[in-house]
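Asker: Just a sequence and a predicted model for now, questions to come.
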Amino acid sequence: MGEVISIGDSVFTNDGIKVNLPGISGQVKYTNTTPLNYAFMGYLKYLPLECRHEIISIRHDLEGSITIEGEEYDLNGGVGYHEKDSGTQFPAKHLWVQCNNFKNTDVAIMLSIASVPILGIPVRGSICLINIEGKEHRLSTYLGALTRLTDTRIELRQFNKHIAVEILDFGDFHQLVSASNGNMVEPLDETNNAKMRFIFSVNGNVKFDLTSDYVGYERRHL
């Protein structure tokens, strides 16, 4: 089961969740989880940072359901993603993209760009994780990746690997809250129905060219 977090009558574990909140209840189990080969932040996890990010499973199967305001959502046969953040301050400048919902393939992608203070100096870093049929590919600043970023395009190039992400539609944003000085009070806009195209190549050979209408996306001041 690994780490267990209990908040009131709700329980969150590496294997699933049990939720009991006003208007929201249910239980979902995670199976066939896909952990990373090593820590998401690499050696950076040993530095004194305001925020630490980790991916528990980049892709897994779902069993169970969630009921929201009386309407039940059957998640059996669905696909999940599990990450966590810890610390006192969310990056003031960051971008996050996640998708594991593609037709006829089990490709899973997560990409993050953030400007964070390291020993008091703002440093921008990028990490992209790609899982293709159980094989992990990683492009990251700490592995030598270079990043190009515009309002509608993201590119990472790391020696013989290249990922290009085209943002075709930003989708419908909903406001969440994130950490600021140790309190969950900072507004944050996120969508889970952005439309994006992902093109990944190794040694100039395209491994996939996929588009999804169900991409998780958030961006702040970057």
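Answerer: Ah, there it is.
Asker: Stretch 9-28: end-to-end distance?
Answerer: For stretch 9-28, the first-to-last residue distance is 15 Å (CA to CA, to the nearest Å).
Asker: Low-confidence stretches in this structure?
Answerer: 1 (pLDDT under 70).
Asker: Could I get the full set of helices for it?
Answerer: Here the chain has no helices by DSSP state H.
Asker: in it, which strand has the most residues?
Answerer: In the chain, ranked by residue count with DSSP state E as the criterion, the top strand is strand 183-202.
Asker: Summarise which helices and strands that one is packed against.
Answerer: Secondary-structure packing of strand 183-202 (3 or more CB pairs under 8 Å, 6 or more residues apart in numbering; DSSP states H and E): strand 93-99, strand 161-169, strand 174-180, strand 205-220. Heads up, the C-betas are built off the backbone N, CA and C, glycines and all.
Asker: Show residues contacting the third one.
Answerer: With CB atoms under 8 Å, 6 or more residues apart in numbering as the test, strand 174-180 has contacts from 51, 85, 87-90, 184-191.
Asker: Now list the buried members of those residues.
Answerer: The neighbour count (16 or more other CB atoms under 10 Å) marks 51, 89, 90, 188, 190, 191 as buried among the contacts of strand 174-180.
Asker: And for this protein, the residue most distant from the center?
Answerer: Residue farthest from the centre of the chain, counting by CA atoms, centre = their mean, is residue 70 at 28.6 Å.
Asker: any idea how far residue 45 is from that residue?
Answerer: 42 Å (CB to CB, to the nearest Å).
Asker: Which residues does residue 95 form beta bridges with?
Answerer: Beta bridges link residue 95 to residue 113, residue 219, judged by DSSP bridges.
Asker: And stretch 141-154, end to end?
Answerer: Stretch 141-154 stretches 14 Å from its first residue to its last (CA to CA).
Asker: Can you give me the buried ones in that stretch?
Answerer: Residues of stretch 141-154 classed as buried by neighbour count (16+ other CB under 10 Å): 141, 145, 147, 149, 154.
Asker: try stretch 102-122
Answerer: By neighbour count with 16+ other CB under 10 Å, stretch 102-122 contains the buried residues 102, 107, 108, 109, 110, 111, 112, 113, 114, 115, 116.
Asker: now that stretch, how far from the centre of its chain.
Answerer: 7 Å (CA atoms, centre = their mean, to the nearest Å).
Asker: Then stretch 85-102?
Answerer: Centre-to-centre, stretch 85-102 and its host chain are 6 Å apart (CA atoms, centre = their mean).
Asker: That one spans what distance, first to last residue?
Answerer: End to end - CA to CA - stretch 85-102 spans 26 Å.
Asker: Also stretch 68-79?
Answerer: End-to-end distance for stretch 68-79: 19 Å, by CA to CA.
Asker: Show residues contacting that stretch.
Answerer: Here stretch 68-79 has contacts from 23-24, 26, 28, 59-67, 100-101, using CB under 8 Å, 6+ apart.
Asker: and those, which are buried?
Answerer: By 16+ other CB under 10 Å, those give 26, 28, 59, 60, 62, 64, 66, 100, 101 as buried.
Asker: so who does residue 190 touch?
Answerer: Shown in contact with residue 190 (CB under 8 Å, 6+ apart): 96, 173, 174, 176, 216, 217, 218.
Asker: got the contact list for the nearest residue in space to the second one that is not next to it in sequence?
Answerer: Computed as CB to CB, 6 or more residues apart in numbering, the closest residue to residue 173 that is not its neighbour in sequence is residue 189, at 4.3 Å. When contacts are counted by CB under 8 Å, 6+ apart, residue 189 is found next to 173, 174, 175, 176, 218, 220.
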